[in-house]
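Visitor: Give me the fold of what follows.
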Amino acid sequence: MQPRNNLIDCDCGEEAAASVWWRIGAGAFLSMNAMVMGLAVNGSEVTRDEKVALELSILCVAVAVFGLLAKEFLQAIWQSLRQRRIGIESLFLMGIVASLGASVVSLTTQVGGTYADVAGLLLVIYSLGRQVGAYGKSRVLKSLGDWAPERRMVRRLSGERVSAAEVKAGDRFRVMPGEAVPVDSRIIAGTAYFQEATMTGESFARSRGVGEKVGAGAYLVDASVDCEATQEGGEAELDQIRELVTSGLAVPGREQKLALAVLRWFAPTVIAVSAITFFVHWRQGDWANALFCALSVLVIACPCALGFATPLAVWSAISRLRELGILARSGEAIEKLAEVDTVVFDKTGTLTLPEEYEVEWRVSEEWKGHEGELRFLLREAEAASRHPIAIALRRLWEGEVLEETTQLESIRLLAGVGIEARYADGRELFAGAKTGSRELEVRVDGKLAAEIVLREVCEGSVPEAVADLEAAGLRVMLSTGDVAERASAIPIGDRMVRQSPVDKHVSVGELQRAGGKVLFVGDGLNDVAAMAWSETSLTLSTSVELVRDVSGFVMLHQNWRALPEAIAIARAARRTIRRNIGFSLAYNAVGISLAAVGWLHPVAAALLMLASSLTVILDSMRLMDWEPPEKSKVIEVVS
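Guide: Numbers count the residues shown, from 1 in each chain. Modelled structure (predicted):
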């Protein structure tokens, strides 16, 4: 599965977006006023002069709305024509043209009603739907832009600051503590700890020194280092992830493809029926009635009626998910969640508790019985350290009362190695990670005093959630950048370990080529590419903004028992969506037939559309109170 090179400019233009929203608001205000005047013309007795004045006013308002909102609409029409397809824009166009045509006929002949207000309203509805869809995309593109090479800054050894996009292979620069490495590079001076969880899934910082490579996005923990770029600024692994994310977001979902397929035949059919209706009634010598009937066909076949089936059911499902503490980013995500048959979890930070560890002390014989004193010495030494192990130890010892047996005199940071501390009684303590291990070695006066092992803590709801998913027939997998030994602490038997961001993306592709539909659950930048290419994805609210924007769902807590119920709700929504689509198509077919033979007044068409909408609403609202079956049958197996 090769990503397409279709990166979109992330500079979306907030002022331009604000201008569109302002124009939509102004158009809606004008359309509502036009509808009030339309009711006066079509629904009450007015004099000829009053009727002409009102019709001219409505037409002027329609022209004003057209001037505010027609640009994007006409561009979409032009694009449809260039692609030789008839889509939703074409139906809107025909409805607008017919409404304006009927109004012009009424104004010039004083026969029939005026419907220019309908034309303005249709244009407002189209513009609103288009802009709401664009808003979600713009958030993702903005987040991607924050990680673009042009936004990542590089501090050259001369002190000059430039963007990563200007960096060439071989350029040298300096990275300070707390900063992210801006481009893929090799260390040429210094040793330090690097936090690479966002890129590799590793929860612990790793020591790296001269000659070792570090990737863009890794954070420097404790000391500055000088680096030499090994890639051009825009060719970092981080940039590959950005491209994979953008490409994955461009892939339409199954329900979206179904809707497009329906429109391919539905729109031409409606337009053809409307044209035939007009021609037949015009041959009978009645222009006003011909426009009247043709407009009825277009009104009852408006794609808004068909569109009710999906959004109403989806938003009901979204409301139920919100009660579970899961926020859906879009209706399409609900549809895709209903189809998944494979759930792939990231480990670190997703299934494990952040900054909470199980601690194993291995105290030497000399210090047995004096653990409290040793913890005091170590706590004093680690008090100012930014290393993740030191933070974890301080969190564990918070509130513990330890006897003060001496005072800390001095402390020396050994970048990339550990710390040395000297106390008032002359003792010296060294604490640092053992080579090639996550164990912390503690020495007092050069002698081994203790070894400390920190193990990640699996969230308590994971075993039950995994069991529920597997009992329902879903395949549950673990994809982690960590090693097999530490991954075994998670109660998931199907594991993929030592996975880089690209490995995770490839694994998702392999599952999909085998027929699987994947829900990827992750929380780091190393998961983003896989999440974008999956059918849908879920992350935690504590994740970085880019991960949240890419995800189809954001969970506000870490109770994974909510996930099986969320999938059950999504599948109930899918059944409702398909039932409502079938109902809407059948209902419109009957309505179009009645309108075509002249048996359906435009007012009756509007009432039928109202009845259709109410039917869909009531059916969809049942999801608000829908409860899944008994726990053992929470999720139906995908057929």
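Visitor: any idea how this structure splits into domains?
Guide: By the record's domain assignment, the chain is partitioned as 1-149+237-288, 153-235, 302-351+459-639, 354-458 (automatic domain parsing).
Visitor: In terms of mean pLDDT, which of the ones you listed ranks lowest?
Guide: Considering the domains of the chain one by one, the lowest average pLDDT is found for domain 1-149+237-288, at a mean of 71.
Visitor: what would the domains of the chain look like in a markdown table with mean neighbour count and distance to Leu295?
Guide: Where you see a C-beta, it was placed from the backbone N, CA and C, and this is true even at glycine. Rendered in a markdown table, the data for those read as follows (neighbours: other Cβ atoms under 10 Å; distance: least, Cβ to Cβ, whole Å):
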| stretch | mean neighbour count | distance to Leu295 |
| --- | --- | --- |
| domain 1-149+237-288 | 17 | 5 |
| domain 153-235 | 19 | 54 |
| domain 302-351+459-639 | 20 | 6 |
| domain 354-458 | 16 | 60 |
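Visitor: Tell me which of those approaches Ala294 most closely.
Guide: Smallest distance to Ala294 across the domains of the chain (Cβ to Cβ): 3.8 Å, for domain 1-149+237-288.
Visitor: one step back: got the domains of the chain as JSON lines, with distance to Ser296 columns?
Guide: What follows is those, written out as JSON lines (distance: least, Cβ to Cβ, whole Å):
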{"stretch": "domain 1-149+237-288", "distance to Ser296": "8"}
{"stretch": "domain 153-235", "distance to Ser296": "56"}
{"stretch": "domain 302-351+459-639", "distance to Ser296": "4"}
{"stretch": "domain 354-458", "distance to Ser296": "60"}
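Visitor: how about Val457, secondary structure?
Guide: Secondary structure state of Val457, per DSSP: H, G, I helix; E, B strand; the rest coil, is strand.
Visitor: May I ask you to confirm that it is in contact with Leu351?
Guide: No: under the criterion of Cβ atoms under 8 Å, Val457 makes no contact with Leu351, lying 9.9 Å away.
Visitor: ranges for the strands of the stretch 1-150 of the chain?
Guide: Defined through DSSP state E, counting those that start in this stretch, the strands belonging to the stretch 1-150 of the chain form an empty list.
Visitor: need the helices for it, in chain order.
Guide: In chain order, the stretch 1-150 of the chain shows helices spanning 14-43, 48-82, 88-109, 116-146, with DSSP state H, counting those that start in this stretch as the criterion.
Visitor: Over to the stretch 451-600 of the chain?
Guide: For the stretch 451-600 of the chain, helices defined by DSSP H, counting those that start in this stretch occupy the ranges 462-471, 484-487, 501-513, 528-533, 545-550, 562-596.
Visitor: Of these, which is nearest Glu212?
Guide: Closest to Glu212 of the helices of the stretch 451-600 of the chain, according to Cβ to Cβ: helix 501-513, at 19.0 Å.
Visitor: just checking, what packs against that closest one?
Guide: Counting contacts by 3 or more Cβ pairs under 8 Å, 6 or more residues apart in numbering; DSSP states H and E, the secondary-structure elements packed against helix 501-513 are helix 237-249, strand 342-345, strand 494-496, strand 518-521, helix 528-533.
Visitor: What is the distance between it and the centre of its chain?
Guide: For helix 501-513, the gap between its own C-alpha mean and the chain's C-alpha mean amounts to 19 Å (Cα atoms, centre = their mean, to the nearest Å).
Visitor: Keeping just the C-alphas, turn it into CSV.
Guide: Taking only C-alpha atoms (Å, rounded to 0.1, in the frame of the first residue of the first chain), the coordinates of helix 501-513 have been written out as CSV:
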residue,chain,number,x,y,z
PRO,A,501,6.1,3.9,13.0
VAL,A,502,6.5,2.6,9.5
ASP,A,503,6.3,-1.0,10.7
LYS,A,504,3.0,-0.2,12.4
HIS,A,505,1.7,1.3,9.1
VAL,A,506,2.8,-1.7,7.1
SER,A,507,1.2,-4.1,9.6
VAL,A,508,-2.1,-2.3,9.2
GLY,A,509,-1.8,-2.6,5.5
GLU,A,510,-1.1,-6.3,5.7
LEU,A,511,-4.2,-6.9,7.9
GLN,A,512,-6.3,-4.9,5.4
ARG,A,513,-5.0,-6.8,2.4
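Visitor: shift numbering so it begins at 29
Guide: Sure, I'll start numbering at 29, so the last one becomes helix 529-541.
Visitor: So Arg422 is in contact with Ala411, correct?
Guide: Yes: counting by Cβ under 8 Å, Arg422 does reach Ala411; the two are 7.3 Å apart.
Visitor: Leu441: what secondary structure?
Guide: Classification of Leu441 by three-state DSSP places it in strand.
Visitor: Which positions are bridged to it in the beta structure?
Guide: Ile447 (DSSP bridges).
Visitor: which residues sit in contact with it?
Guide: By Cβ atoms under 8 Å, 6 or more residues apart in numbering, Leu441 lies in contact with Asp250, Ala251, Ser413, Ile447.
Visitor: Would you mind measuring from it to Gly206?
Guide: 14 Å (Cβ to Cβ, to the nearest Å).
Visitor: again with Gly400
Guide: Shown here: Gly400 relative to Gly206, a distance of 33 Å by Cβ to Cβ.
Visitor: that older thread, out of the helices of the stretch 29-178 of the chain, which is closest to Leu365?
Guide: Across those (criterion: Cβ to Cβ), the nearest stretch is helix 144-174, sitting at 16.3 Å.
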